[in-house]
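S.K.: Curious how this folds, go ahead:
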Amino acid sequence: MSSRRGGLGGTVQGVLEDAEKRFCMQFRQALNAIWRLYLPTVKNIAEKDRLLAQAIKAHPECEKLRAALEGVSTINAVNLYITTGCGEAGTFKMGRDASACIGLTRLQHSSGGKTNFGSIGRLTKNIALRSYLVNGAMSVISHVDKREPQTKKEKRVKQLLECKSKKCVAVDSMG
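M.R.: Numbers count the residues shown, from 1 in each chain. Next up is the predicted model:
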């Protein structure tokens with residue numbers, strides 16, 4: 001990476017190449033060693049992203065999930081697809097059942113025709129997926145909170161934000 005590119009790579013290269021800067025040789029050597037460890041990690045992440053993009057192309061259902069749910073990244077779409085039964089018909093009767101499986105809707109206790117709703121289930125098998133989905137929704141909600149709403153859903157989110165916290169609205173919007 002050249003220093004002309006700017007950003008982290010440009011800054012690190014500038015420090016390493018310029019002996020006139022106020023950094024001692026030991027610091028520059030340590031920085032160089034860390035930089036050499038960092039570069040393969042970035043390449044490894046890029047390769048994993050490429051493989052995930054191929055997985056999305058192989059399973060159009062994943063792309064539909066990513067497009068339909070705001071704040072859902074490629075890896076979350078793949079995880080959601082796997083968690084919800086890989087698109088097998090009849091796995092869940094309703095979307096609410098799939099949301100309950102992930103821990104995004106209220107727990108339901110039914111007896112004798114009477115339905116009781118409890119709190120949102122946090123004790124799920126895939127805590128990481130639930131967390132990633134909520135964080136993605138939080139990101140979308142933060143953007144909606146900073147600007148004027150453009151869709152009906154954004155207007156509803158704005159209204160909910162007037163009386164609830166961002167995290168509650170994020171979980172409500174996912175479920």
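S.K.: Surely Val134 and Lys167 touch.
M.R.: Yes - at 7.2 Å, Val134 counts as touching Lys167 under the criterion of CB atoms under 8 Å. The C-beta positions use only the backbone N, C-alpha and C, and glycine is treated the same way.
S.K.: Between these two, point out the one with more neighbours.
M.R.: Shown here are Val134 and Lys167; by other CB atoms under 10 Å, Val134 has more neighbours (19 against 13).
S.K.: How about that one: what's its closest non-neighbour residue?
M.R.: In this structure, Val134 finds its nearest non-sequential neighbour in Ala170, 5.2 Å apart by CB to CB, 6 or more residues apart in numbering.
S.K.: where's that neighbour relative to Ile141, distance?
M.R.: Computed as CB to CB, to the nearest Å, the Ala170 to Ile141 distance reads 5 Å.
S.K.: can you check Gly95 too?
M.R.: Going from Gly95 to Ile141 by CB to CB gives 20 Å.
S.K.: Looking at those two, which one has more neighbours?
M.R.: Set Gly95 next to Ile141 and count neighbours by other CB under 10 Å: Ile141 wins out with 23 against 11.
S.K.: which SS class is that one?
M.R.: Secondary structure for Ile141, judged by DSSP: H, G, I helix; E, B strand; the rest coil, is helix.
S.K.: Next up, the contacts around it.
M.R.: Going by CB atoms under 8 Å, 6 or more residues apart in numbering, Ile141 touches Val157, Leu161, Lys166, Val169, Ala170, Ser173.
S.K.: Tell me the confidence at it?
M.R.: With respect to pLDDT, Ile141 scores 85.
S.K.: ok, Glu154 - contacts?
M.R.: Neighbouring residues of Glu154 by CB under 8 Å, 6+ apart: Val144.
S.K.: in which helix or strand would I find it?
M.R.: Assigned by DSSP states H and E, Glu154 belongs to helix 152-163.
S.K.: what pLDDT, on average, does that helix get?
M.R.: 83.
S.K.: distance of the most far-flung residue of the chain relative to its centre from Gly6?
M.R.: Distance from the centre of the chain peaks at Glu20, with 42.5 Å (CA atoms, centre = their mean). According to CB to CB, Glu20 and Gly6 sit 20 Å apart.
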